[in-house]
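Trainee: give me the fold of what follows.
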Amino acid sequence: MRFLFHGLDDVEAHIEQMKGDLSHLAIHRRAKNKAFEERLGRYDFTLDDARRALSLPDRYGLCSDLHDAADEAIDDGDLDDPDDASAATREPTPEQVNLIARGALAFVRHTLSRSGIGAKGVRCRIRAYRPKGMGIPINATVYVTDTNIGEFEGVTPDDEQDATVPAEDTPFDHPVPDTSAPAAPRESFQMSSFIGRQMQELGTCYADFANLLLGSMTRVQTLNDGMHRRLSYELTQSRKQVDTLMAALLDHRIQQLEVSERAVEGERSARSRSDLASQAVKELGDAAKAFLGGGGLAGLPPELLSSIAPLLQHPELRALLGDPTVLGLLRDPRFLGDLAAMLRNVAAQGRPSRPARRPARPSKAHRHRRRARRPPDLFRVRRPNPNPRRHPPEWRPLCPNPTRTPTPSPRPRR
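Mentor: Below is the predicted model of the structure:
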């Protein structure tokens with residue numbers, strides 16, 4: 001292996017142990033005899049950063065075990081679809097947490113190897129933070145050493161890539177990296193100078209801006225997808241409401257048509273009844289005219305004629321006399337006799353009834369005789385005695401004269 005990392009095993013063990021409680025980590029490099037630290041990169045414990053870190057090319061064979069585990073997880077379906085907008089709002093599963101931790105290890109190894117190219121010893125500090133910066137559980141220093149620092153002397157640019165990746169250090173279970181890829185360019189100026197530091201800071205700012213831009217695009221796409229789903233749902237609900245409203249309007253229109261049809265039918269029936277009534281009245285008038293003109297009422301007294309006129313003017317009697325059944329009954333002599341008897345009974349009930357006689361009061365002699373016939377009693381108790389010990393019973397003989405009032409005996413003193 002080309003690079004040697006001192007203290008990286010402890011950092012990876014801490015990351016594996018606290019992978020569910022970390023929010024992000026940052027890697028800084030401190031140059032020799034310098035009081036400042038330059039930032040090398042930042043990794044967020046998300047699926048997007050894990051995919052990005054695991055998709056980086058492994059030129060030096062440092063992340064072969066991590067790539068194999070990621071390939072197995074992808075084959076098993078542990079990673080969500082990047083186009084799925086709802087995956088960003090769900091809590092990660094244990095398999096996804098493991099993949100995020102592997103992405104963090106790959107990011108650390110790639111960043112340390114990239115910073116240690118052509119250096120005998122580079123001191124890098126790794127800091128891991130909890131959500132919202134509540135604490136720094138991991139704060140460790142890792143030393144990176146490039147073992148091929150002396151092999152660059154006398155090597156042409158065409159053979160530099162072959163010299164950087166020895167064939168014997170490549171693991172057998174991982175494919176050999178592409179040797180046709182261009183090697184990292186050599187430094188064209190002193191990195192420890194002011195211009196070098198400024199250029200490196202500028203590159204770091206560009207990288208952060210690119211990460212921020214990609215994250216913003218991802219968030220905007222997530223918001224757009226959520227808005228599209230919500231608008232689709234609201235459109236579906238509004239269409240259902242429109243269908244319900246149209247059905248209600250149709251039902252109301254049908255009910256209005258039914259009510260109007262009933263009203264028209266009622267008017268027709270009322271008109272037909274009025275026509276029939278007018279026709280019956282006309283026929284009754286014709287019959288009355290014929291009866292009067294033929295002399296049917298000749299010889300009747302004027303009082304009877306004056307009482308028959310209101311009968312013919314009454315609407316109910318006129319409608320009743322227009323019935324063919326009633327006319328047939330009026331022609332029947334037996335019905336006329338029954339009608340006369342009914343009128344006689346009604347007239348008898350209408351006469352005032354005679355007042356009832358008051359029964360006469362019996363005379364005084366009669367009352368004396370009735371009292372004398374009452375059987376005499378030998379003794380009579382004047383009143384019941386509730387306590388015979390305190391109040392002894394009082395006895396008195398019955399007076400032979402019924403008209404005489406007996407005098408009560410004096411009450412004994414206590």
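
Trainee: now do the longest helix along the chain: which elements does it pack against?
Mentor: Using DSSP state H to define each element, the chain has its longest helix at helix 194-293. Counting contacts by 3 or more CB pairs under 8 Å, 6 or more residues apart in numbering; DSSP states H and E, helix 194-293 is packed against strand 37-44, helix 47-54, helix 315-321. All C-beta atoms are positioned from the backbone trio N, CA, C, and that covers glycine.

Trainee: turn the ones you listed into a markdown table, columns for distance to Phe5 and mean neighbour count.
Mentor: Shown next, in a markdown table, are those (distance: least, CB to CB, whole Å; neighbours: other CB atoms under 10 Å):
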| stretch | distance to Phe5 | mean neighbour count |
| --- | --- | --- |
| strand 37-44 | 14 | 18 |
| helix 47-54 | 17 | 20 |
| helix 315-321 | 120 | 13 |
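
Trainee: which of the ones you listed has the lowest mean pLDDT?
Mentor: Among these, helix 315-321 carries the lowest mean pLDDT, at a mean of 76.

Trainee: give me the next element, helix or strand, following that helix.
Mentor: helix 324-330 (DSSP states H and E).

Trainee: name the residues that touch that following helix?
Mentor: Under the contact criterion CB atoms under 8 Å, 6 or more residues apart in numbering, helix 324-330 has outside partners Leu320, Leu321, Phe335, Leu336.

Trainee: again, 7 Å this time
Mentor: Identification of contacts with helix 324-330 by CB atoms under 7 Å, 6 or more residues apart in numbering yields Leu320, Phe335.

Trainee: got the buried residues for it?
Mentor: Residues of helix 324-330 classed as buried: none (neighbour count, 16 or more other CB atoms under 10 Å).

Trainee: average pLDDT for it?
Mentor: 77.

Trainee: using CSV, list the CA coordinates for that helix.
Mentor: C-alpha atoms of helix 324-330 as CSV (Å, rounded to 0.1, in the frame of the first residue of the first chain):
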residue,chain,number,x,y,z
PRO,A,324,-126.7,11.0,-10.6
THR,A,325,-126.9,8.6,-7.7
VAL,A,326,-128.7,11.2,-5.5
LEU,A,327,-131.0,12.1,-8.4
GLY,A,328,-131.9,8.4,-8.7
LEU,A,329,-132.6,8.2,-4.9
LEU,A,330,-134.8,11.3,-5.0
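
Trainee: give me the mean pLDDT for stretch 254-268.
Mentor: pLDDT averaged over stretch 254-268 gives 91.

Trainee: hmm, back to that, could the helices and strands packed on helix 194-293 go into a markdown table alongside distance to Glu91?
Mentor: Output for the helices and strands packed on helix 194-293, formatted as a markdown table (distance: least, CB to CB, whole Å):
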| stretch | distance to Glu91 |
| --- | --- |
| strand 37-44 | 16 |
| helix 47-54 | 12 |
| helix 315-321 | 88 |
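
Trainee: closest to Leu223 out of those?
Mentor: helix 47-54 (15.4 Å; CB to CB).

Trainee: now do the closest one: which elements does it pack against?
Mentor: Using 3 or more CB pairs under 7 Å, 6 or more residues apart in numbering; DSSP states H and E, the elements in contact with helix 47-54 are helix 64-76, helix 94-115.

Trainee: change it to 10 Å
Mentor: Applying 3 or more CB pairs under 10 Å, 6 or more residues apart in numbering; DSSP states H and E, we find helix 47-54 packed against strand 37-44, helix 64-76, helix 94-115, helix 194-293.

Trainee: just those: most buried one?
Mentor: Of these, the one with the most neighbours on average (mean count of other CB atoms under 10 Å) is helix 94-115, at a mean of 21.

Trainee: ok and it relative to strand 37-44, angle-wise?
Mentor: Counting by axes from the mean of the first three to the mean of the last three CA atoms, to 10 degrees, helix 94-115 lies at 160 degrees to strand 37-44.

Trainee: any idea which helix or strand comes after helix 94-115?
Mentor: Next element after helix 94-115 (DSSP H and E): strand 122-129.

Trainee: strand partners (parallel or antiparallel) of that next one?
Mentor: According to DSSP bridges, strand 122-129 forms sheet pairs with strand 24-30 (antiparallel), strand 138-146 (antiparallel).

Trainee: what about the first one, average pLDDT?
Mentor: Along strand 24-30, the predicted confidence averages to a pLDDT of 88.

Trainee: show residues contacting that strand.
Mentor: Residues from elsewhere that reach strand 24-30 (CB atoms under 10 Å, 6 or more residues apart in numbering): 11, 15, 36-46, 49, 104, 107-108, 111-112, 115-116, 119, 122-131, 133, 136, 138, 141-142, 144, 200.

Trainee: please redo it, this time with the cut-off set to 6 Å
Mentor: 37-44, 111, 115, 123-129 (CB atoms under 6 Å, 6 or more residues apart in numbering).

Trainee: list the buried ones in it?
Mentor: Neighbour count says strand 24-30 has His24, Leu25, Ala26, Ile27, His28, Arg29 buried, by 16+ other CB under 10 Å.

Trainee: related to what we said a few turns ago, what's the angle from the longest helix of the chain to helix 47-54?
Mentor: Going by the same axes, to 10 degrees, helix 194-293 makes 140 degrees with helix 47-54.

Trainee: lowest-confidence helix or strand of this protein?
Mentor: helix 160-164 (a mean of 40; mean pLDDT, DSSP states H and E).

Trainee: got any ranges where the stretch 251-400 of the chain has weak pLDDT?
Mentor: 285, 287-312, 350-362, 366-400 (pLDDT under 70).

Trainee: could you find the closest non-adjacent residue to Val11?
Mentor: Ala140 (4.9 Å; CB to CB, 6 or more residues apart in numbering).
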